[in-house]
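> Sharing a sequence plus its predicted fold:
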Amino acid sequence: MSTNNSLEIMNILDNNRINDLHRFLNKRKCLNITNSYLIYLFYLVQSAGVLTTSYAASNNDQRLIWLGIFFNLLATLISVYEKTNNSILKKLLNDISLIKDGNYIDEGLLVDIENENLSSILSVNKPSNVNTGSNVNTGSNVNTGSNVNTGSNVTQTQNLDTAEQKV
């Protein structure tokens, strides 16, 4: 029976790797297409900013100078977004190569949330502000009488009444 369970676990892990590989490849494809559009948009907006600022400076038009500055600011924000996508692309490429080499461990940061899981995650983490008699708040942080926080930071506190440490 132990061998059967081990085979089932290995099949589940292999399927997870294959699903992750498909998801990573699709995500890379989308990010590459988005980045190609962002690069063209960046140069278009940056050129518009430089031309507007140059024209406004030659005609002493303060309003057009500020419009040119706004275009340059917008181009900078587009560039930052494109560089952020590039860093995500590098991480995805690293994960794809780890899957190919057989060394992939799914411990990375959450890259994306699949659409079908999004509604279930939002409904589970939606705070309801219900407080029962035992001091359990059913929002995203569960707080019992022993000051246990189950959010992103788990704290260990000492209950002064019983002098016991609880997690």
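The structure has been received and is ready for your questions.
> Distance-wise, check the residue lying closest to residue 21 once chain neighbours are set aside relative to residue 80.
Distances taken as Cβ to Cβ, 6 or more residues apart in numbering put residue 99 closest to residue 21, at 5.0 Å, once the chain neighbours are dropped. Just so you know, the C-beta spots here come from the backbone N, C-alpha and C atoms, and that holds for glycine as well. Noted for residue 99: a distance of 29 Å to residue 80, by Cβ to Cβ, to the nearest Å.
> Show me which of the two is the more surrounded one.
More crowded of residue 99 and residue 80, by other Cβ atoms under 10 Å: residue 99, with 17 against 11.
> So which bits of whichever strand or helix holds that one are buried?
Using DSSP states H and E, residue 99 falls within helix 62-101. Neighbour-count burial for helix 62-101 flags 64-65, 67-68, 71-72, 74-75, 78-79, 82, 85, 88, 92, 95-96, 98-99 (criterion: 16 or more other Cβ atoms under 10 Å).
> tell me the domain ranges of the protein?
Following automatic domain parsing, one gets these domains for the chain: 2-105, 132-167.
> Same list (those domains) but as a markdown table, adding mean pLDDT.
Listed next are these as a markdown table, based on pLDDT from 0 to 100:
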| stretch | mean pLDDT |
| --- | --- |
| domain 2-105 | 92 |
| domain 132-167 | 41 |
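> Can you say which of those domains is packed in most?
domain 2-105 (a mean of 14; mean count of other Cβ atoms under 10 Å).
> my guess is residue 85 meets residue 31, correct?
Yes: counting by Cβ atoms under 8 Å, residue 85 does reach residue 31; the two are 5.0 Å apart.
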